[in-house]
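*Asks:* Need coordinates for the below:
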Amino acid sequence: MQKNTEIERKFLVVSDAFVHEAIRSHEIMQGYLCKEPGKTIRVRIRDEHAFLTIKSARLREGIAKFEWEKEIEVSDARELMQLCLPGVIHKTRYIIPSTQNGCTMPEGERFWEVDVFHGRLEGRVLAEIELGDEQELFDRPSWLGEEVTGMPQYYNANM
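*Replies:* You can find the predicted model right below:
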């Protein structure tokens, strides 16, 4: 995978069974400074860390996207949140190790990230997995539902 390239698949979640498989969780607040066709600029506070992220639309036919992210001071992120477009998102992210053939992948391999949204998006639960290659095989846990990769209504920037 090229530097600054994100390849992820996104799915609906059909049960809360993932909670028992999670190895950790994070509280996230994120807002968007820019949401234009082809690019977004996001500010995110995750627990006690903050990030500024720039993402593009697809780089070519497929699901790969450009992504640039830098850690910033939480105090700066809180100030930037005041400049964000309406619709700041609050969610809890659960981290679940990916498995293949019933075995947990070695440390440093793939993880499912399951986002449970709060506030105005209460009830929405999405799972995603970042891959190293668009053709990479991955597990499909029993709690995974319909794939929504590439469906704009499921992009955080559009919620």
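*Asks:* When you work out contacts or count neighbours from here on, use the C-alpha atoms and nothing else.
*Replies:* Noted.
*Asks:* Next secondary structure after the biggest strand by length in the chain?
*Replies:* Secondary structure of the chain per DSSP state E: the longest strand is strand 24-36. Per DSSP states H and E, the first helix or strand lying C-terminal to strand 24-36 is strand 39-46.
*Asks:* Please save the CA atoms from that following strand in CSV.
*Replies:* C-alpha atoms of strand 39-46 as CSV (Å, rounded to 0.1, in the frame of the first residue of the first chain):
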residue,chain,number,x,y,z
LYS,A,39,-12.1,16.2,-0.3
THR,A,40,-12.8,16.5,3.4
ILE,A,41,-10.8,18.1,6.2
ARG,A,42,-11.6,16.6,9.6
VAL,A,43,-10.8,17.4,13.2
ARG,A,44,-11.0,14.5,15.6
ILE,A,45,-10.5,14.1,19.3
ARG,A,46,-10.0,10.5,20.4
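*Asks:* Can you spell out which helices and strands pack onto it?
*Replies:* strand 24-36, strand 49-58, helix 74-81 (3 or more C-alpha pairs under 8 Å, 6 or more residues apart in numbering; DSSP states H and E).
*Asks:* that older thread, just checking the distance from the longest strand of the chain to the centre of its chain.
*Replies:* Distance, stretch centre to chain centre, for strand 24-36: 9 Å (C-alpha atoms, centre = their mean, to the nearest Å).
*Asks:* Starting from that strand, tell me which strands it pairs with and how they run.
*Replies:* strand 39-46 (antiparallel), strand 89-97 (antiparallel) (DSSP bridges).
*Asks:* mind giving me TSV with the ones you listed and columns for mean neighbour count and distance to residue 130?
*Replies:* Converted to TSV, the strands paired with strand 24-36 look like this (neighbours: other C-alpha atoms under 10 Å; distance: least, C-alpha to C-alpha, whole Å):
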stretch	mean neighbour count	distance to residue 130
strand 39-46	22	18
strand 89-97	20	12
